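>>> Curious how this folds, go ahead:
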Amino acid sequence: MSHEERKQLRSVFFANTQYILDALERLEGVYDTRLLDFLKLQRIRKVQMLHEQDFFARVIELYSGSNSDELLQGYYLERKFIFHYEKGGLINKRQARALRQNVNMLESYTLKEQQANISTTILEYLNRDTQK
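Numbering: from 1, shown residues only. Next up is the predicted model:
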């Protein structure tokens, strides 16, 4: 990834963090405060880690693995926010397109990782069966 792409990803991550924290604030009184506080602190810790380490390497470490389904749902929600912001005039078409491209790039990475994990699991299963 280029420096500019990394910068854009970081910007999207930080903007999404604010949306997530705002959404969690609105859920107070609906869900257990301890759960909401835990989720807020977890997101804030991720932001702090991104400041301390290389952004791209940290994103890969944080999001590789078993949470692909949650990430894919998150990408859907991000697209939904982008649509509503564009429709509401909060962002223009060019900004919406750029944000969608960023979401698409993250989703592509997640799908590639998910496919790699599935392939590895299948190979491990086949190797285990042939060793019996």
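>>> for the chain, which spans come out with low pLDDT?
1, 51-68, 113-132 (pLDDT under 70).
>>> Break down it into its helices, ranges please.
Secondary structure of the chain (DSSP state H): helices at 3-26, 33-52, 55-63, 68-87, 93-131.
>>> Let me have those in a markdown table, adding mean neighbour count as columns.
Backbone N, C-alpha and C define where each C-beta goes, glycine included. Shown next, in a markdown table, are these (neighbours: other CB atoms under 10 Å):
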| stretch | mean neighbour count |
| --- | --- |
| helix 3-26 | 14 |
| helix 33-52 | 12 |
| helix 55-63 | 14 |
| helix 68-87 | 14 |
| helix 93-131 | 13 |
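>>> excluding its backbone neighbours, what's nearest the residue nearest the centre of the chain?
Nearest to the mean C-alpha position of the chain, by CA atoms, centre = their mean, lies Leu71 at 5.3 Å. Leaving aside its sequence neighbours, Leu71 sits nearest to Thr110 (CB to CB, 6 or more residues apart in numbering; 4.8 Å).
>>> cool, Ile91 as well?
Tyr85 (4.7 Å).
>>> And the contacts of stretch 28-39?
24, 27 (CB atoms under 8 Å, 6 or more residues apart in numbering).
>>> The residue nearest to the centre of the chain and Leu111 touch, don't they?
No - applying CB atoms under 8 Å, one finds Leu71 not in contact with Leu111, separated by 9.4 Å.
>>> ok so, going back, where's the residue nearest to Leu71 relative to Asp69, distance?
Per CB to CB, to the nearest Å, Thr110 is found 10 Å from Asp69.
>>> repeat for Arg10
24 Å.
>>> do the same with Val30
Here Val30 is placed at a distance of 23 Å from Asp69 (CB to CB).
>>> State the distance from Leu71 to Glu107.
For Leu71 relative to Glu107 (CB to CB), the value is 8 Å.
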